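Colleague: The following comprises the amino acid sequence and a computationally predicted model.
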Amino acid sequence: MSSRREKAAELRRLMETDGEAVGEHTRTVNQLSDYAITQFEDYEACREAARGIKERAIENLPELIDTVQEAVEANGGQVHIAQTAADANRIVESIMDARDAEKLVKSKSMTTEEIEVNDHLEDAGYEVRETDLGEFVIQVADEAPSHLIGPAMHKSPEDIAALFNREFDLDEELTGDPHQLTEFARERVGAHIRDADVGMTGANFVVAESGTLMLVTNEGNARKTAVTPDTHIAVTGVEKLVPSLADLQPFTELISRTGTGQDITSYVSLLTPPVDTPVPDFEADEFGDADDREFHLVLLDNGRMGMREDEDLRETLYCIRCGACSNTCANFQSVGGHAFGGDTYTGGIGTGWEAGVHSLDSAGEMNDLCTGCSRCVPKCPVKIDIPWVNTVVRDRVNRSGDADDFDFLVEGLTPDEEPAGLDLQKRFFGNVETFAKVGSLAPELANAVAQSRPGGWLLERVAGVDSRRDLPELATETLREWYGARGSQVTDAERDVVLYPDLYTDYFDPERGKAAVRVLEALDVRVHIPEVPESGRAPLSQGMIETAREQARAVHGSLVDHIDRGRDVVVVEPSDAAMFREDYSHLLPEQSHERLAEHSYEILEYVYGLLDNGADADALAAGDGASVAYHSHCQQRTLGLAEYTEEVLDDAGFDVRTSDVECCGMAGSFGYKSEYYEVSVDVGDHLRDDLGDVDGERLVASGTSCQEQLGVLYERDTPHPVELLSPR
Ligand code: SF4
């Protein structure tokens with residue numbers, strides 16, 4: 001693994017070289033995709049159907065392999081099962097050899113990138129040519145793809161023109177005109193297809209019962225590659241099998257809507273090879289016999305059957321590689337797949353793929369770029385819990401570290417459940433509650449130490465906390481202390497609730513907690529603020545799953561008693577609301593999770609419900625038309641809760657506008673880590689570009705990390721929206 005300094009330098013370099021083109025492309029596609037999904041009424045039903053088909057297909061994979069083998073052989077083709085990448089390459093080479101072939105053309109396929117077939121064949125003396133425009137560019141540039149479906153998206157048209165001008169002997173220089181570049185590439189690709197002896201494709205799906213391949217493209221090059229030469233080799237992972245033709249329907253509806261924002265791609269080709277069209281001979285200008293055609297289906301395992309047995313990685317096999325998780329990811333938008341990628345796969349789900357087909361080392365290099373913000377979750381057409389896959393891989397990477405000489409020192413100071421060898425930075429951020437607790441015994445002293453030059457130096461050296469980022473200051477009185485001294489002000493309560501004293505509200509920003517108490521009390525709700533541990537969000541974001549599980553159990557144990565007494569749980573911090581509603585499904589027994597999820601509410605969701613049930617809105621502070629610029633938290637949006645805040649502020653008379661970007665870039669501990677500080681600033685800059693000038697507006701944000709990031713960007717205090725409603 002590279003050092004923090006090397007990693008930061010590499011990220012900085014990629015933001016400078018690839019960042020602008022990747023950002024422009026991914027943000028555009030992400031917005032197009034959002035629009036395509038909102039226009040598609042059947043989105044959720046199709047996702048359910050797609051998920052069900054993939055679950056059943058992976059469950060029955062051994063039978064499907066037998067079925068497709070019979071079908072392809074009955075059609076006149078051959079099936080080869082490759083256990084490893086090396087096996088697959090040997091099989092491909094032997095087919096080339098048997099056909100006396102010299103040249104192979106390829107359509108785009110991540111599976112062939114995974115086995116590095118180009119390098120293998122070229123080393124063996126064959127000529128290999130890419131026919132997808134993006135792959136053609138990448139091949140000319142001698143680079144690796146930077147995205148699952150947009151391999152050259154890190155290059156602008158001007159970059160591509162400069163590349164072609166440099167690499168080809170041209171009479172006239174190309175400009176950055178995309179039409180001109182496409183025309184140029186099309187001519188060369190067309191000539192290669194006409195010359196080739198063998199065509200190689202991947203497959204988006206393979207129908208087991210018929211041996212039919214589904215190829216989805218926008219350029220039509222895949223079907224030309226498949227049917228122009230007399231020999232067609234399709235290399236595909238075993239996970240691409242679906243039982244029947246009818247199973248393709250939901251995927252056809254989903255793949256382009258989520259991936260590119262189109263209702264359907266330009267070409268959806270269904271081929272049942274060997275096809276029976278005559279074989280064109282371009283030199284002789286005639287057609288040969290269709291009977292000369294050969295078809296080989298190479299089904300690749302390369303770790304997939306192991307993933308199938310792995311309860312947590314199995315989900316990865318449901319992926320249809322639409323790339324939506326990358327497009328929607330704020331960090332990917334800044335750094336692209338050359339940073340957010342492993343040996344082959346990139347972006348959100350890339351970590352799961354890398355861990356399954358390559359190694360934890362390969363997965364670990366990019367894994368920390370997933371902040372767990374969850375914005376990819378509603379976009380994934382097969383409902384993969386991508387942040388959880390990444391958390392599991394992070395946990396495994398954590399556990400693969402060697403014990404350090406100083407581990408015994410840290411282990412004595414931190415109460416976590418993690419083994420020796422855990423990266424000190426992760427251990428620091430995962431145990432932040434312990435440090436907050438100790439610091440709050442003497443908050444002024446702790447703040448002075450943390451803000452001092454030696455304190456900052458130590459934190460940077462030991463825990464990789466970037467000294468350019470100001471640490472939040474501990475409050476002199478915690479929320480629980482304040483409430484304990486004050487007590488409830490409601491005598492005749494309509495309801496009782498527990499206000500969950502999350503770590504940040506309790507120790508660092510009790511003002512937002514006080515505002516939440518006052519708002520609830522103004523609406524005739526009696527508030528209880530018990531002693532409850534941190535939700536486990538801090539360790540979970542570091543991949544410390546066992547520690548998070550222990551904390552989840554403790555939180556459940558503390559809160560369930562209140563729930564039994566008929567009290568709802570109200571949460572100020574959206575990432576903790578997401579813990580209770582979503583993440584605890586992985587950490588607690590099903591019934592415990594469901595109970596807590598059913599009875600917990602985000603603060604303004606709860607206020608919305610109270611007002612909707614007749615509570616007196618006039619008891620809250622009035623907006624009187626004041627303008628508000630509001631940034632909602634990513635997990636809050638994923639849970640569909642952001643609208644409640646907008647509605648409540650709107651009803652209170654505020655004039656609210658909201659940000660559109662996916663993420664603020666702080667993402668909890670992410671922006672404090674020295675290797676990611678600049679990425680976080682870059683993501684934050686997009687938020688500032690989006691929100692623009694906020695002079696004369698109240699600037700509010702729901703999440704801790706968003707409040708902090710906006711506070712830095714605009715150099716002003718950024719309260720929680722509930723603070724606007726608090727009657728003083
Ligand atoms: S994980 Fe989901 S969103 Fe990401 S590439 Fe796979 S199918 Fe698409």
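Modeller: Alright, I've got the coordinates.

Colleague: OK, contacts around the most centrally placed residue in the chain?
Modeller: In the chain, the residue lying closest to the centroid (C-alpha atoms, centre = their mean) is residue 348, at 3.3 Å. Contact analysis of residue 348 by C-beta atoms under 8 Å, 6 or more residues apart in numbering lists 325, 326, 328, 329, 332, 370, 376, 386, 390. (Glycine included, C-beta is placed from N, CA and C.)

Colleague: Mind telling me what element the nearest residue to it once chain neighbours are set aside is part of?
Modeller: Nearest residue to residue 348, sequence neighbours excluded (C-beta to C-beta, 6 or more residues apart in numbering): residue 325, at 3.0 Å. For residue 325, the element it lies in under DSSP states H and E is helix 324-327.

Colleague: now that helix: how far from the chain's centre is it?
Modeller: 7 Å (C-alpha atoms, centre = their mean, to the nearest Å).

Colleague: hang on, residue 11 packs against residue 679?
Modeller: Yes - applying C-beta atoms under 8 Å, one finds residue 11 in contact with residue 679, separated by 5.7 Å.

Colleague: Show me whatever sits in contact with both of those two.
Modeller: Shared contacts of residue 11 and residue 679 (C-beta under 8 Å, 6+ apart): residue 335.

Colleague: residues from the stretch 1-150 of the chain in reach of the ligand?
Modeller: residue 148 (C-beta under 6 Å from any ligand atom).

Colleague: Chain neighbours aside, what residue packs nearest to whatever residue of the stretch 1-150 of the chain ends up closest to the ligand?
Modeller: Using C-beta to the nearest ligand atom, residue 148 is the residue of the stretch 1-150 of the chain that sits closest to the ligand, at 5.7 Å. Spatially, and ignoring its direct neighbours in sequence, residue 148 is nearest to residue 323 (4.0 Å; C-beta to C-beta, 6+ apart).

Colleague: what's the closest of the contacts of residue 348 to the ligand?
Modeller: Nearest to the ligand out of the contacts of residue 348 is residue 325 (C-beta to the nearest ligand atom; 3.2 Å).

Colleague: ok so, going back, and the helix or strand that comes right after the helix holding residue 325, what does it pack against?
Modeller: For helix 324-327, the succeeding helix or strand toward the C-terminus, using DSSP H and E, is helix 330-335. Counting contacts by 3 or more C-beta pairs under 8 Å, 6 or more residues apart in numbering; DSSP states H and E, helix 330-335 is packed against helix 4-17, helix 19-38, helix 677-691.

Colleague: Rebuild those helices as CSV, extending it with mean neighbour count.
Modeller: Formatted as CSV, those follow (neighbours: other C-beta atoms under 10 Å):
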stretch, mean neighbour count
helix 4-17, 16
helix 19-38, 19
helix 677-691, 20
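
Colleague: okay if I get these as TSV plus mean pLDDT?
Modeller: Listed next are these as TSV, based on pLDDT from 0 to 100:
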stretch	mean pLDDT
helix 4-17	95
helix 19-38	96
helix 677-691	95
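
Colleague: Rebuild those as CSV, extending it with distance to residue 398.
Modeller: Putting the helices and strands packed on helix 330-335 into CSV (distance: least, C-beta to C-beta, whole Å) gives the following:
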stretch, distance to residue 398
helix 4-17, 16
helix 19-38, 29
helix 677-691, 21
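
Colleague: out of those helices, which comes closest to residue 483?
Modeller: For the helices and strands packed on helix 330-335, proximity to residue 483 was assessed by C-beta to C-beta; helix 677-691 is nearest, at 32.9 Å.

Colleague: Given the helix or strand that that closest one is followed by, what are its sheet partners and their directions?
Modeller: Beyond helix 677-691 on the C-terminal side, the first helix or strand identified by DSSP H and E is strand 698-701. Take DSSP bridges as the rule and strand 698-701 pairs in its sheet with strand 627-631 (parallel).

Colleague: okay, and the helix or strand of this structure with the least pLDDT?
Modeller: Every helix and strand in the chain was compared by mean pLDDT, DSSP states H and E; the lowest is helix 407-413, with a mean of 53.

Colleague: List the buried residues in the next helix or strand after that one.
Modeller: Later in the chain than helix 407-413, the nearest helix or strand by DSSP H and E is helix 424-430. Buried residues in helix 424-430, counted by 16 or more other C-beta atoms under 10 Å: 425, 426, 427, 428, 429, 430.

Colleague: just those now: which is nearest the ligand?
Modeller: residue 426 (24.5 Å).

Colleague: Excluding chain neighbours, give the residue nearest to the closest one in space.
Modeller: Nearest residue to residue 426 in three dimensions, chain neighbours excluded: residue 542, at 4.0 Å (C-beta to C-beta, 6+ apart).
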